[in-house]
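J.: The following block contains a protein sequence and its predicted model.
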Amino acid sequence: MIFIILGSREYQFDRLLRKIDYFIDKYEYKGKVFAQIGSSKYIPKYYEYEKYLDKVQFEVYQNNAEIIISHGGTGALISSIKKRKKVIGVPRMAKFNEHTDDHQFQIIELLENEGYISSVKSEDLGELEYLLNHPEKIPSRKYNNFNIMHKIIMDFLELK
């Protein structure tokens, strides 16, 4: 199962949801896909979704997922890594009104450089197709370094 996590804040991520629909249609993907779409306006055509999940529902989907596609929120990313899931991080972009700035790039880049996740950082999300067709390329290294979280926070606050 692929679980898509878009958070519970006021930011949409329609670009990613559309790309998942495109992938499912193009490759006639038959596996289960479920998305927690948050404040997104786009309604998925080829997969199930809920706007928001309670903590128990979220954990059930997260536990059952083979692949997790997540926005760049630290909570979603770190909790998925701690469960040793294959994680694809996709940062929201300010230019598409998906967030107020591009700080999610820094979080995702740091976790990718440490070997915890794969990322999709292009505007057209083209790398996503490759990763979903080659899940063996997505790491599943268990998160166990709290210094990384400290660095993420300090970099974000620019207090290095």
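T.: That came through fine.
J.: Now do the contacts for the spatially most central residue of the chain.
T.: Central residue of the chain (Cα atoms, centre = their mean): S70, 1.1 Å from the mean position. S70 makes contacts with I4, I5, L6, A76, L77, S80, V87, I88, G89, V90, as judged by Cβ atoms under 8 Å, 6 or more residues apart in numbering. Any C-beta I mention is one placed from the backbone N, CA and C, and that applies to glycine too.
J.: Which one (most neighbours) among those residues?
T.: V87 (30 neighbours; other Cβ atoms under 10 Å).
J.: What helix or strand is it located in?
T.: With secondary structure defined by DSSP states H and E, V87 is part of strand 86-89.
J.: picking that back up, pick the one among the contacts of S70 closest to E28.
T.: Nearest to E28 among these is I4, at 18.7 Å by Cβ to Cβ.
J.: Show me which helix runs longest in the chain.
T.: In the chain, assigned by DSSP state H, the helix with the most residues is helix 14-27.
J.: Please name the strands paired to whatever helix or strand comes next after that one in the sheet, noting orientation.
T.: Downstream of helix 14-27, the first helix or strand assigned by DSSP H and E is strand 33-36. Partners of strand 33-36 in the sheet, by DSSP bridges, are strand 2-5 (parallel), strand 48-50 (parallel).
J.: what ranges of the protein fall below the confidence cut-off?
T.: 144-160 (pLDDT under 70).
J.: Apply 90 and report the result again.
T.: Scanning the chain for pLDDT under 90 picks out 8-9, 74, 100-103, 114, 141-160.
J.: Helices of the protein, start to end?
T.: Using DSSP H, helices in the chain cover 14-27, 55-64, 74-82, 103-113, 127-133, 146-157.
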